[in-house]
Structures are given as structure tokens and as C-alpha cells.
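[1] take a look and give me a structure for this.
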Amino acid sequence: MILDKQTWIWSNDQADEYDQYVYFRKTSTLPEGSTSARLHITAGTSYKAWINGNTLGRGPSPSAPEFQYFDTYTLPVGEGILTLAIEAYYLGNQIPFVCSQNQGIPGLVFCIEVLDCSDRVLATVGTEGTRVLRSPSHFRDYIKLGQSRISNWGGFKEVYDSAKEPESWHLPGFDDSDWAAARLV
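    Now for the predicted structure:
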């Protein structure tokens, strides 16, 4: 599998903490002759992905860490810049989950195969050089809420404040230079 050659990544701060939302960005220059690409991606719990500002998808299907599912997307691209933006979520293992599924460790892994018109791989873009930011938009201080954030199914209720989200963080041209480098898991 193509993802076996890639390294899992995550945020640098409080990596073992449960109920985490993390933003990732990877920008690459595509080689001459690029006509399409394939993105292979999975996360420890879930992800949402954008390519060049367009919603790509979400996933993966729930699975045990030893049988991790991954998704593959075909991307219509040309020469130029490719920006991949991902919001990844990690539920954690500290909270009992209704199906007793082990969530594994927090992590994200992806690989982009850049193809020419004959579907030959011109380049492979992996997780190295990915920028990361712990989401400032997702509320984690449940004590201040005065109520439980754990649903009857065992997961957390999402509390999101769009005013705290970095504006246009998922679009090409966003300046992520003050974001940290992703940590290898």
C-alpha cells in the first residue's frame, strides 16, 4: 500500500490528549506535464479535506488501528501550485466508545501521486514539510460549559466558534508561516 511508505503526523502540543481538532496545510509545486493526481489519506479518527480551496471529502470509515481504512480521491490538476488543507479530529481512548473501538493514537497520513496524461507518476508528495495548528475554533473547556460534552454514544459533542477560525486557512495563498511543523508520530 502506498501509505506504508509515508509517515504519520500530528500536532506538537498535548499529543496524547483526547477530543482534539487540528488543522494541517501542505503546499507543493507540481511538475511540468501534470494533468491529474491521486490523494490517499486516512486519520486516527476522522478528517475533512480541501484541495485548492475546494471541498474534497471526509473520512475514513471507522476501523480498528490494525485494519486502518484509507480513502483515495482523484484530483483534476494542472501545472502550478497544489494546496492541501485538512481538519483532522482525534476522539481519544480515555472515553468509552459505544462500539468499544480502539481509536489508536492521534495521527494523519497522506500521499499525493502526481500523474501525467498517461497516468505515469511524475512525483509523490508526502507528509514531510506539512504545517500544523491546533484548532482555536473548537471549544475544549467543558467545565465552563456547565454541562457534559459526552454524548450518549460515548463521543464528544462538538462546540465550534467560527469567529476564532483563521480566516481562509484552507485556501491557496494563506500564510501559514507561523504554524508549527507537524510532529512525526
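[2] next one: phi and psi at Phe67?
    With angles defined as degrees, to the nearest 10, Phe67 shows backbone torsions of phi -130, psi 50.
[3] meant to ask about Pro106, not that
    Note on Pro106: backbone dihedrals following degrees, to the nearest 10 are phi -70, psi 140.
[4] for it, give me its contacts.
    For Pro106, the residues meeting the contact criterion (C-beta atoms under 8 Å, 6 or more residues apart in numbering) are Trp10, Ser11, Ala15, Asp16, Gln20, Val22, Gly44, Thr45, Tyr90, Gly92, Val185. Quick note: C-beta positions are derived from backbone N, CA and C, even for glycine.
[5] if you drop the residues flanking it in sequence, what lies closest to it?
    Distances taken as C-beta to C-beta, 6 or more residues apart in numbering place Tyr90 nearest to Pro106, at 3.7 Å, with adjacent residues excluded.
[6] what's the answer for Ser162, then?
    Leaving aside its chain neighbours, Ser162 sits nearest to Ser137 (6.5 Å; criterion: C-beta to C-beta, 6+ apart).
[7] next, the contact list for that neighbour, please.
    Tyr21, Tyr160, Asp161, Ser162, Lys164, Glu165.
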